[in-house]
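A.B. asks: Using only what follows, build the 3D model:
(2 chains)
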Amino acid sequence: MEYKLLKQEGRAKRAQVTTVHGTIQTPVFMNVGTVAAIKGAVSTADLEEIGTQVELSNTYHLHVRTGDETIKKLGGLHRFMAWNKPILTDSGGFQVFSLAGLRRIKEEGVYFNSHIDGRKIFMGPEESMRIQSNLASTIAMAFDECPPSKAERDYVQKSVERTTRWLERCKNEMKRLNTLDDTINKEQLLFGINQGAVYSDIRIEHAKRISEMDLDGYAVGGLAVGETHEEMYHILDETVPYLPKDKPTYLMGVGTPANILEAVERGVDFFDCVYPSRNGRHGHLYTNHGKINLFNSKYELDDRPIEEGCQCPTCKRYSRAYIRHLLKAKEMLGMRLCVLHNLYFYNTMMTEIRDALDAGEFAAYKKRKLDCMSGE
RNA sequence: GGAUGGGUAUGCCUAGCGGCGAGGGCAGCGGACUGUAAAUCCGCCACACAGAAACACCGCAGGUUCGAGUCCUGCCCCAUCCA
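C.D. replies: Residues are numbered from 1 along each chain as shown, chains lettered A, B, ... in the order given. Predicted coordinates:
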């Protein structure tokens, strides 16, 4: 992997990351396809059309169904889902948070009861690495615990210490896996994850600690899980400076267009979020004049595209009224068109951000974008 | 003309079998969603009053009862079948 810093504006970074599956221009928004599919009937062919650079899938979900061993036999995730650009796999750490009612955390790892059929699933750092190695993603995420942001300080302290021990185990296991003969992607990258909830000193201490471990990239996790935007921005202000500047910085699970603009300004270059796809399925569309809810009756006779001038496959052809009709009729096409538009909106915003950084005009771009989006 | 089954709130379907200020679903309206247990979830969906006060068309009108959407009588309407 090569991380080439092309431009800086304040803390904001414009870079490109070269991987075995191609080059990623950052800042980048990764499109979330948890179970090797972007929900809403969006194909990998669609992703090429809407400018997706990196697809993101999930270790826990693919392990539970259909199984990483099966996907390995089929040639790995790239071949399986017919996508030859970079893929990042999340480690299952987020499921420690989102499936909190279905798991128990121990030093060795996490015991889940499958959300599908309740069967016991053990996942520790080694298991997560092995699964991700089988999936053969471009970038593997370290197995961590994502504690809720309102977790008590003592708990967060202990949790972060354990996450650090897990990270060492992840690194060792990844190193071993990448030397095995039958490993599909022997150059799989490993990103570590910073935690510490809203406690700056824990965050900073942890950031320093993992920065010494010479990983391929560094993520800030455990944000947008209950704290305010201001708290999130504050944590980024405090923490990102302690992560290596010559490596990718990834803010996990974030966020709204405004969140992304604020985080780019604070030095983040990788993002992912379910918002564009989930909101799309729910009829909430992003535009340069704010978000609109196509289910609202005021769009019944609205013959305009979702966004005037938008070059996405949806806006080039269909009206708000028609898409609203599809959504109301529960036709799959409705969701699909909405998700395509939203992902295109995000991907295009990232292109604009990169262009602005290249031109040294990010600050102005950010202000303009935020101003017009708050229009509605 | 006869038989049978029905008529439940500003739309549609339906629960109800003596304590109902009537439960549910659909449709409609609005909201939420941040490393996806989410094509999901949550509100509102007759009007008014009230929060120890209120009688709001459960097809209509009577009756029985402390109390009727529920039981009885008559009538009206709908569906299906038979003449």
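A.B. asks: Counting neighbours, what do you get for the residue lying closest to residue A:237 once chain neighbours are set aside?
C.D. replies: Computed as C-beta to C-beta, 6 or more residues apart in numbering, the closest residue to residue A:237 that is not its neighbour in sequence is residue A:266, at 6.1 Å. For the C-beta atoms, the positions are set from N, CA and C on the backbone; glycine is no exception. By the criterion of other C-beta atoms under 10 Å, residue A:266 has 24 neighbours.
A.B. asks: Equivalent analysis for residue A:6, please.
C.D. replies: Residues lying near residue A:6 (other C-beta under 10 Å) number 13.
A.B. asks: correct me, but it touches residue A:16?
C.D. replies: Yes: Residue A:6 is in contact with residue A:16 according to C-beta atoms under 8 Å; the separation is 6.3 Å.
A.B. asks: re earlier: confirm for me that the residue nearest to residue A:237 is in contact with residue A:236.
C.D. replies: Yes: look at residue A:266 against residue A:236 with C-beta under 8 Å: they come within range, at 4.2 Å.
A.B. asks: got the contact list for the residue of the stretch 1-150 of chain A found nearest RNA strand B?
C.D. replies: In the stretch 1-150 of chain A, the residue that lies nearest RNA strand B is residue A:146 (2.1 Å; C-beta to the nearest atom of the strand). Residues near residue A:146 by C-beta atoms under 8 Å, 6 or more residues apart in numbering: A:93-94, A:96-97, A:195, A:221-222, A:225.
A.B. asks: Those residues in helices, which ones?
C.D. replies: Those of the contacts of residue A:146 mapping onto helices are A:93-94, A:96-97, per DSSP state H.
A.B. asks: would you turn those residues into CSV with pLDDT?
C.D. replies: Listed next are the ones in helices among the contacts of residue A:146 as CSV, based on pLDDT from 0 to 100:
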residue, pLDDT
A:93, 97
A:94, 97
A:96, 96
A:97, 96
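A.B. asks: For those, pick the one with the most neighbours.
C.D. replies: Highest count within the ones in helices among the contacts of residue A:146 by other C-beta under 10 Å belongs to residue A:93, 27 neighbours.
A.B. asks: got the contact list for that residue?
C.D. replies: Each residue near residue A:93 by C-beta under 8 Å, 6+ apart is listed here: A:128, A:141-146, A:193, A:221.
A.B. asks: if you skip the residues just before and after it, what's nearest to it?
C.D. replies: Spatial nearest neighbour of residue A:93, excluding adjacent residues (C-beta to C-beta, 6+ apart): residue A:144 at 3.9 Å.
A.B. asks: Residue ranges of each domain in chain A, please.
C.D. replies: Following automatic domain parsing, one finds the domains of chain A at A:2-273, A:280-373.
A.B. asks: Name the stretch among the ones you listed that sits most buried.
C.D. replies: Most buried of the domains of chain A by mean neighbour count (mean count of other C-beta atoms under 10 Å) is domain A:2-273; its value is a mean of 20.
A.B. asks: what's the span of that one from first residue to last?
C.D. replies: One end of domain A:2-273 sits 25 Å from the other (C-alpha to C-alpha, to the nearest Å).
A.B. asks: How far away from the center of its chain is that domain?
C.D. replies: Relative to the centre of its chain, domain A:2-273 is centred 7 Å away, using C-alpha atoms, centre = their mean, to the nearest Å.
A.B. asks: Then stretch A:329-339?
C.D. replies: Using C-alpha atoms, centre = their mean, the offset of stretch A:329-339 from its chain centre is 23 Å.
A.B. asks: Wondering if that stretch reaches RNA strand B at all.
C.D. replies: Yes: Stretch A:329-339 lies within reach of RNA strand B by C-beta under 7 Å from any atom of the strand, at A:330, A:332, A:335.
A.B. asks: Point out where chain A drops to low pLDDT.
C.D. replies: A:375-376 (pLDDT under 70).
A.B. asks: by contact count, what packs against the longest helix seen in it?
C.D. replies: For chain A, the helix with the greatest residue count under DSSP H is helix A:332-358. Here helix A:332-358 touches strand A:2-9, strand A:12-19, strand A:28-32, helix A:257-265, helix A:275-281, strand A:284-287, helix A:320-328, helix A:362-373, going by 3 or more C-beta pairs under 8 Å, 6 or more residues apart in numbering; DSSP states H and E.
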